[in-house]
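Asks: Just need the structure, nothing else, for what follows:
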Amino acid sequence: MMSSCYTHRVVGLLQDRKGLPQYEKTEYEQYKIHENDEIIYRLITMDETISKVMMTGQAASLSTNPITYRVYPDGTIELPFLEPIYVLGMTLDSARLTVQEKMREIIPDAEIKLSIYNKTFTVVGDIRSGVYPIYKEKLTIYQALAMTGELMNSGDHQHVRIIRPTYTTEPEVLEFDIRTNTIIESKYYYVYPNDVIYVARTKGSFYKVASYSAFLGLVTSSLSLLVSVINYTTLVP
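Replies: Here you go, the predicted model:
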C-alpha cells in the first residue's frame, strides 16, 4: 500500500536527511557568449551627429523588434563603425569593455551597453515542456521549474538532468538529485541561456497514485465492485 503512493521522501524538495547527495557550494559563474547568440548593442555618446544616427536606428527598432547582432561561427560580431570583434567565450562585461575600447579609438567619450536578446531555456520530459525566457541573471532551478507550472510527482526527482552547451567542447550533461537542500548555491542551482532541463518519468509510475486519499478511493471502489459481483453471483441461480 505504501509503495503505491508518492511520499515526501520520494518527491519532496529541500529535504535535509541522510541518504541524499551532498553538493558543495560553488561561486556563480558569469555566462560566456556562445556562437549564434544575439547581442543587443547600444552606444552612448555626447557627439550629436553620432547620437542622431544611432537614435534613428533605435527609434525604428522600437516599433518592431530590437536590432540584434549575431555571433558568427568565427566568434566575431559586426557592430556599426567597427571592424569585426572577437567575443566568443567572453562574459558580457568583458565583451562590453572590449567593444568600448575599440569604439573609443574613434569616439573618445563612447559608453557601450551589451545584453543578450535570445535568453531562453528549454524543458522536456515528464513536465510541461516548452521554451521559457530567462528574465533575470541568476535564475534558479526552482524558479525555472516553477515557470513550467509543476514538477510532476511521476517525474524522476533523483535524476534530473541539465544539458548545457559550451562554447569550446561538446555539451555538458549535469545530473543531480533535486530533493536535497544542498543543491542551493551548488553548480546545479542556476539556469543559463540555452540550457535544456530534462525530467524523465520514473519506472513504475503508472501503478502509483498521487496521494493516500486517492489510493483509498481506488481500494474502496475496487471493494465495492467486488461485493457487487459477489452479490450478483449469489443471486443468479
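Asks: Let me see the contact set for residue 47.
Replies: Applying Cβ atoms under 8 Å, 6 or more residues apart in numbering to residue 47 gives the contacts 107, 109. In this view, the C-beta of every residue, glycine as well, is placed from N, C-alpha and C.
Asks: how near is it to residue 199?
Replies: Separation of residue 47 from residue 199 (Cβ to Cβ, to the nearest Å): 52 Å.
Asks: what's the spacing between stretch 28-47 and its chain's center?
Replies: 20 Å (Cα atoms, centre = their mean, to the nearest Å).
Asks: Show the end-to-end separation of that stretch, please.
Replies: 38 Å (Cα to Cα, to the nearest Å).
Asks: model confidence over that stretch, on average?
Replies: Averaged over stretch 28-47, pLDDT sits at 92.
Asks: Tell me the buried residues in that stretch?
Replies: Neighbour-count burial for stretch 28-47, counted by 16 or more other Cβ atoms under 10 Å, picks out 31-34, 37-39, 41, 43, 45.
Asks: Which one of the residues you listed is nearest to residue 91?
Replies: residue 32 (5.9 Å; Cβ to Cβ).
Asks: Touching, that closest one and residue 91? I think so.
Replies: Yes. Counting by Cβ atoms under 8 Å, residue 32 touches residue 91, with 5.9 Å between them.
Asks: Wasn't residue 96 part of a helix?
Replies: Yes. Counting by DSSP: H, G, I helix; E, B strand; the rest coil, residue 96 is part of a helix.
Asks: Against residue 82, how distant is residue 20?
Replies: For residue 20, the distance to residue 82 - Cβ to Cβ - is 51 Å.
Asks: oh, I was asking about residue 65
Replies: Distance from residue 65 to residue 82, by Cβ to Cβ: 22 Å.
Asks: Have a look at those two and say which one is more surrounded.
Replies: residue 82 (14 against 8; other Cβ atoms under 10 Å).
Asks: Tell me if I'm right that that one and residue 101 touch.
Replies: No. Between residue 82 and residue 101 there is no contact under Cβ under 8 Å: 10.6 Å.
Asks: Check the model's average confidence along stretch 184-199 for me.
Replies: For stretch 184-199, the mean confidence score works out to 96.
Asks: Buried residues, that stretch. List them.
Replies: 186-199.
Asks: Out of the residues you listed, list just those in strands.
Replies: Assigned to strands by DSSP state E, the following of the buried residues of stretch 184-199 qualify: 190-191, 196-199.
Asks: Report the central residue of the chain.
Replies: Taking Cα atoms, centre = their mean, the centroid of the chain lies closest to residue 121, which sits 4.0 Å from it.
Asks: Can you name the helix or strand that it falls in?
Replies: strand 120-125 (DSSP states H and E).
Asks: what helices or strands is that strand leaning on?
Replies: strand 130-133, helix 141-147, strand 196-199 (3 or more Cβ pairs under 8 Å, 6 or more residues apart in numbering; DSSP states H and E).
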